[in-house]
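1. This is the structure alone, sequence omitted:
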């Protein structure tokens, strides 16, 4: 604990003793102000009695002999083993169990052992070894093909997925942030929830932009028949109109492993149309352009606005999709290749943002 913080708290205890405050009241106020750096109950008890007995100095008593050094290799090794056995221990736990000051314990943890305290990251699923192996293998296959064909390979890919858009989705915490003076009160806002009303869109895109945005009619289930019909007629028509070069050279469809996408009917329809598909590892939204780039960008543009009808929301989705730049999509496809490399590097685990 820093010397100035120690001196401050001792002065506060001295002042409170003169006011007749109890130890419990002092402890409560110190914790409000200093948090984890606040004196422990035993330390408050010690200084409360000293000041009650007439002591006036807030400094430590003079001690003879040399200063004991606590940041020894033996101490550091023991503390590291202690923390590794229970990674949720606090600096206060380490200080008390090893009879160290808060500042010394913090110095050993952060400077000597170079540890930092972080929150667990949410992941879609706890991957099993076989699932990690599949992720690595598919990433290797995609990268090998990219190495052989270059950007021509990426330009032939049309990736797709479906997602729900709500009639109202609250702004994110970052979006609602504002500038303020240090003396101004912090802004507040009520906690809001997503609306119950929503629509599903199935979106196809490539390196040049959006190929097809299909809004599913209300009360319609997207089953294998529906999805196969969408590919056979609407997608094929959109490619003829917007990407005629892909009609001649052919394109590669990249989709996830949703049951509808890999159903027998859809698989046979793709084979009948001569459409090549690119494999996608299960439970891998971090390797899907729609999930890590397209959908978050579009939904951010819709946040904070309440739409009254499906047509109004559909029009807003169309506008938001137009705002997705060609450069942004091309960069996203490059990011996809980088994520494949990272996936191999981390042995199939999820790729960090």
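-> Nice, thanks for sending it over. Please read all numbers here as calculations on a predicted model, not as lab measurements. Numbers count the residues shown, from 1 in each chain.
2. any idea how far the residue lying closest to residue 282 once chain neighbours are set aside is from residue 266?
-> Once flanking residues are discounted, residue 282 sits nearest to residue 257: 5.0 Å by CB to CB, 6 or more residues apart in numbering. All C-beta spots, glycine's among them, are computed from the backbone N, C-alpha and C. Applying CB to CB, to the nearest Å, the value for residue 257 to residue 266 is 12 Å.
3. Would you mind telling me which of those two has the busier surroundings?
-> Per other CB atoms under 10 Å, whichever of residue 257 and residue 266 has more neighbours is residue 266, with 24 against 12.
4. How much space separates that one from residue 222?
-> 11 Å.
5. next one: residue 212
-> Taking CB to CB, one finds residue 212 at 14 Å from residue 222.
6. Equivalent analysis for residue 100, please.
-> On the measure of CB to CB, residue 100 and residue 222 end up 60 Å apart.
7. which residues in the stretch 1-150 of the chain form strands?
-> Counting by DSSP state E, counting those that start in this stretch, the stretch 1-150 of the chain forms no strands at all.
8. related to what we said a few turns ago, comparing residue 100 and residue 222, which shows the higher neighbour count?
-> Set side by side, residue 100 and residue 222 show more neighbours around residue 100, with 19 against 15, by other CB under 10 Å.
9. can you tell me which residues contact the residue nearest to residue 282?
-> For residue 257, the contact set (CB atoms under 8 Å, 6 or more residues apart in numbering) comprises 280, 281, 282.
10. That one in helix, strand or coil?
-> Here residue 257 is recorded as coil under DSSP: H, G, I helix; E, B strand; the rest coil.
11. and if you look at the one 10 residues further on?
-> Classification of residue 267 into helix, strand or coil gives helix, according to three-state DSSP.
12. Can you tell me how far it is from residue 212?
-> Distance, residue 267 to residue 212, using CB to CB: 20 Å.
13. Pretty sure residue 225 sits against residue 265.
-> Yes: counting by CB atoms under 8 Å, residue 265 is a contact partner of residue 225 at 6.5 Å.
14. just to revisit the earlier point, how much space between the residue nearest to residue 282 and residue 135?
-> Counting by CB to CB, the gap from residue 257 to residue 135 is 12 Å.
15. And residue 37, by the same measure?
-> Using CB to CB, one obtains 43 Å as the distance from residue 37 to residue 135.
16. Name the residue in the two with the higher neighbour count.
-> residue 135 (27 against 18).
17. Give the buried residues for stretch 286-298.
-> For stretch 286-298, the neighbour count (16 or more other CB atoms under 10 Å) marks 286, 287, 288, 289, 290, 291, 292, 293, 294, 295, 297, 298 as buried.
18. and the residues you listed as TSV, adding pLDDT and distance to residue 193?
-> TSV is the format used below for those (pLDDT from 0 to 100; distance: CB to CB, whole Å):
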residue	pLDDT	distance to residue 193
286	95	26
287	96	30
288	96	26
289	96	28
290	96	24
291	95	22
292	94	25
293	95	26
294	96	24
295	96	19
297	94	22
298	95	20
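19. which of these sit farthest apart?
-> For the buried residues of stretch 286-298, the maximum inter-member distance is 19.1 Å, found between 287 and 298 (CB to CB).
20. where do the helices sit along the stretch 51-200 of the chain?
-> Assigned by DSSP state H, counting those that start in this stretch, the helices in the stretch 51-200 of the chain fall at 73-85, 91-97, 102-107, 129-149, 151-155.
21. Which elements pack onto the longest one?
-> Under the contact definition 3 or more CB pairs under 8 Å, 6 or more residues apart in numbering; DSSP states H and E, helix 129-149 sits against helix 151-155, helix 326-345.
22. Run the chain-centre distance for that helix.
-> In terms of CA atoms, centre = their mean, to the nearest Å, the centre of helix 129-149 is found 24 Å from the chain centre.
23. and if you look at the shortest one?
-> Distance, stretch centre to chain centre, for helix 151-155: 29 Å (CA atoms, centre = their mean).
24. coming back round to it: now the contacts of residue 257 in CSV, please, with extra columns for distance to residue 183, neighbour count and secondary structure.
-> As requested, those are exported to CSV (distance: CB to CB, whole Å; neighbours: other CB atoms under 10 Å; DSSP: H, G, I helix; E, B strand; the rest coil):
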residue, distance to residue 183, neighbour count, secondary structure
280, 53, 20, coil
281, 53, 22, coil
282, 53, 12, coil
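25. Skip the chain neighbours and tell me the closest residue to residue 162.
-> Leaving aside its chain neighbours, residue 162 sits nearest to residue 202 (4.4 Å; criterion: CB to CB, 6+ apart).
26. now the one you found, which residues is it bridged with?
-> With DSSP bridges as the criterion, residue 202 is bridged to residue 162, residue 214.
27. going forward, begin numbering at 322 instead of 1
-> Understood, numbering begins at 322; the last thing we discussed is residue 523.
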